[in-house]
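Trainee: From the sequence below, what's the structure:
(one chain, ligands or ions: 1)
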Amino acid sequence: MNRALSFQWGVSSLNYRGEKDSGDKCLLIEFEGGVLAVVIDALGHGSQAAAVALVAARTWEQNIHDDLITQMRRCHADLHATRGAAISVAMFDWKLKTMTWLGVGNVAGVIMRSHAGAAPHVTSLLVHAGLVGDRLPDLLPSVFTLADATTLVMATDGISRDFTDALPSALEPQRFAQRVLDVYAKRDDDATVLVFRCNGDL
Ligand SMILES: [Mn+2]
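Mentor: Numbers count the residues shown, from 1 in each chain. This is a model prediction of the structure:
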C-alpha cells in the first residue's frame, strides 16, 4: 500500500521595496505518489521579473510527470531571451521515500532529518552555478532518503545566506518560514522562504 506521507508546509515572502509584483515564485504541486516543490527567482525584481517567473512556473506545472533534468532543460529553453532565473526544485517520492533535489543558480536549500526524536541532522543542498535561460550547467540531481521527520527549507537570495545558522526547527512550517523571513530578509531584493515538512509514517 502506497499512501501519501503526511506533510505540512508554509511560505513567507516580501517584495522588494514598494513593488507590487515579485520576481520570486514558489510552487507546491501534489501529484499521485508525491509532491514537487519549486522556488524560482527571476533576475532583478518588479513586474518584468514577475513575468519571467510566471513563464518558468508554467513550465513546471504543465509537465509535472517528467524527470527534473528534462524539466530544467525545458525551462531553460522557455526562458531563452529573457533575463533568466535561478531555480531549485525538490521532488518527494512517497513510494521510494526519497527527495530528489536539483538547483541552478542561487536559490538555497537545506534539509533537516531526524529519527526517533533525535536532534535533526542538517544537510546543505548543492546548487549548480548558472542561470536558467542563459547558462545551464551540467545537471546532477542529488537523492536523499526521507527520515522519520524531514524538513526542507528553501530560500531565495533576498534571504541572508547565514539563515541556516539558527533554524527554528521546533516551529510549525508557516511560523518557521515567517521567522526566517523576519530575521534574515536583506530587503534589497524580493525574499521568499518555503518550509516543507513530511513525516515518514507509512
Ligand atoms: Mn533574488
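
Trainee: Next to the ion, which bits of the protein? Give me the list.
Mentor: Residues of the chain found near the ion (Cβ under 5 Å from the ion) are 41, 156-157, 189. Using the backbone N, CA and C atoms, a C-beta is placed for each residue, glycine as well.

Trainee: Kindly indicate the member of these with the most neighbours.
Mentor: Compared across the residues of the chain next to the ion, Asp41 has the highest neighbour count, 32 neighbours, by other Cβ atoms under 10 Å.

Trainee: centre of the chain versus whichever strand or helix holds it, how much separation?
Mentor: Using DSSP states H and E, Asp41 sits within strand 34-42. On the basis of Cα atoms, centre = their mean, to the nearest Å, strand 34-42 sits 5 Å off its chain's mean C-alpha point.

Trainee: Just name whatever secondary elements that strand is in contact with.
Mentor: Contacts defined by 3 or more Cβ pairs under 8 Å, 6 or more residues apart in numbering; DSSP states H and E place strand 34-42 against strand 24-31, helix 46-62, strand 85-93, strand 149-155, strand 191-199.

Trainee: Run me through the strand neighbours of the shortest one, direction for each.
Mentor: Neighbouring strands of strand 149-155 in its sheet, by DSSP bridges, are strand 108-114 (antiparallel), strand 191-199 (antiparallel).

Trainee: Make a markdown table from these and add mean neighbour count and mean pLDDT to it.
Mentor: As requested, the strands paired with strand 149-155 are exported to a markdown table (neighbours: other Cβ atoms under 10 Å; pLDDT from 0 to 100):
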| stretch | mean neighbour count | mean pLDDT |
| --- | --- | --- |
| strand 108-114 | 20 | 96 |
| strand 191-199 | 24 | 96 |
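
Trainee: Save these as a markdown table, and put in distance to Cys75 too.
Mentor: Formatted as a markdown table, these follow (distance: least, Cβ to Cβ, whole Å):
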| stretch | distance to Cys75 |
| --- | --- |
| strand 108-114 | 17 |
| strand 191-199 | 18 |
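
Trainee: Identify whichever of the ones you listed lies nearest to Ser169.
Mentor: Ser169 lies closest, by Cβ to Cβ, to one member of the strands paired with strand 149-155: strand 108-114, at 5.8 Å.

Trainee: the inter-axis angle of the strand holding Asp41 versus strand 85-93?
Mentor: Here strand 34-42 points in a direction 170 degrees away from that of strand 85-93 (axes from the mean of the first three to the mean of the last three Cα atoms, to 10 degrees).

Trainee: Quick one: mean pLDDT over strand 34-42.
Mentor: Mean pLDDT, computed over strand 34-42, is 97.
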